[in-house]
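Student: curious how this folds, go ahead:
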Amino acid sequence: MSWFVIFALIVYTLAQFYFPNVNPDFTTAERWFAGVIAALMLFGSVLLHELMHSYVAKQNRIEIGGITLFIFGGVSRMKTEPRTPETELKMAIAGPATSFALALVFWAIARYGGQPLLGDLGLQIVIYLALINLIVGIFNMLPGFPLDGGRVLRSILWGALDSLDRATRIASYVGQGFGYLLIFGGFWMMLFGGLLGGLWLVFIGWFLNNAAQQSYQQVVLRRALSGVDVHRVMTTDFPHVNPDITLDEFVHNYLLKYDYSAFPVAEDDNLLGIVTVAEVRDISREQWHEKRVREIARPPEEERTIDENDDAFDALMHMAEGKLRRLLVMSDGKLKGMVTEESIINIVRTKLQLGM
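Tutor: Residues are numbered from 1 along each chain as shown. As a prediction, this is how the structure comes out:
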């Protein structure tokens, strides 16, 4: 969702500061139009940058679950870690190489097309795209994980230390260090009058610092959950609720009796829905004696489902992305179990305590 905030910020910066500086004769409408077009093409360039990472990953038999775009790059959600340092290196350099190639293409268009072909406004947009793609390429080559340069550093450390975990930890610390350095530099710029540039540096430093920490945590989780499928972490012994009991019966016989956050509502082995504390809380106490569970149960279609053979790490990522408390494990239309964040974290904690 931050994409929309960043997009608006980039458009505003271009329309109010960049384009008026390069050509004061541009009208207000022209500046804002150029800002929108340039921002869209910037994000298109960033998308292409990230797609090349994913393309190289898929060429090396690494499945990609999705791409999340950020201000000057993105993250390809890999289902597995690269198998060798060489694969990591090829994937890491694919993105910056794409950005540098785009910078060269836009520079050539500006150089050989020029004002006669592009017009004043078009020429300045193309010059900006050449410059910003060069900056994106250089920025991503900074040796701070999870930037591409940080991944290059990790691949080198991985090859030297023969340990992906140790290499990731060191690269993550370097990434956090760069983040703090940018934040400090941004505040320093703001103290000496560079308010806008300083804010950008603080924002980018904050993002890099958080991304470095989260990326390392994901690697730790992925390693701990290696080989663990949903079947091993799902709960199967929870009680099923009769849809015709009252809410008062449900509260006293289920919510206050069992340590579960959600209960399946079933009739003749057919899942009718899920009921939780949240649904009961929305009903006044005076109605608990007359309201039936089937009246407040959430339909199964509103719940996110997962297969029992899916990876537990993917289940955890699905819950994190959707801010979900649970996933239903379904098979042939039947509920086989439920998996929660707590059940996955428990097995991670145990494996880490055992040094596994």
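
Student: tell me the centre residue of this protein?
Tutor: T68 (4.9 Å; C-alpha atoms, centre = their mean).

Student: that residue and V202: what is the separation?
Tutor: Between T68 and V202 the distance is 21 Å, computed by C-beta to C-beta, to the nearest Å. (Glycine included, C-beta is placed from N, CA and C.)

Student: Three-state assignment for the closest residue to H240 other than its chain neighbours, please.
Tutor: Leaving out its chain neighbours, the residue that sits closest to H240 by C-beta to C-beta, 6 or more residues apart in numbering is A266, at 4.4 Å. Under DSSP: H, G, I helix; E, B strand; the rest coil, A266 falls in the strand class.

Student: same check on M330?
Tutor: M330 - assigned by three-state DSSP - is strand.

Student: quick check: beta-bridge partners of it?
Tutor: L335 (DSSP bridges).

Student: wait, it sits on V339?
Tutor: No. Counting by C-beta atoms under 8 Å, V339 is not a contact partner of M330; they are 11.3 Å apart.

Student: name the residues contacting each of those two.
Tutor: Both M330 and V339 are in contact with I306, where contact means C-beta atoms under 8 Å, 6 or more residues apart in numbering.

Student: which one of the two is surrounded by more residues?
Tutor: When neighbours are counted by other C-beta atoms under 10 Å, V339 comes out ahead of the other of M330 and V339, with 25 against 17.

Student: give me the neighbour count for L164.
Tutor: 21.

Student: begin at 370, not 1, for the rest of this chat.
Tutor: Shifting the count to begin at 370 puts that one at L533.

Student: isn't it right up against W527?
Tutor: Yes. The criterion here is C-beta under 8 Å, and L533 meets it with W527 at 5.5 Å.

Student: so the residue nearest to the centre of the chain, which of the three states?
Tutor: strand.

Student: roughly how far apart are it and R523?
Tutor: With C-beta to C-beta as the criterion, T437 and R523 are 19 Å apart.

Student: with T537 instead?
Tutor: T537 sits 6 Å away from R523, going by C-beta to C-beta.

Student: who touches both of those two?
Tutor: Residues touching both T537 and R523 (C-beta under 8 Å, 6+ apart) are F514.

Student: next, T645: phi, psi?
Tutor: Here is the backbone geometry of T645 (degrees, to the nearest 10): phi -130, psi 180.

Student: what's across from it in the sheet?
Tutor: Following DSSP bridges, T645 is listed with bridge partners A631.

Student: how many residues are close by it?
Tutor: Residues near T645, counting by other C-beta under 10 Å: 17.

Student: with D531 instead?
Tutor: Applying other C-beta under 10 Å, we find 10 residues neighbouring D531.

Student: one more: E636?
Tutor: E636 has 13 neighbours, counted by other C-beta under 10 Å.

Student: repeat for the one 4 residues further on
Tutor: The number of residues packed near L640 is 19, by other C-beta under 10 Å.

Student: now swap in the one 10 residues further on and tell me
Tutor: R650 has 8 neighbouring residues, counting by other C-beta under 10 Å.

Student: what's near enough to touch it?
Tutor: Taking C-beta under 8 Å, 6+ apart, one finds nothing in contact with R650.

Student: cool, thanks, talk later.
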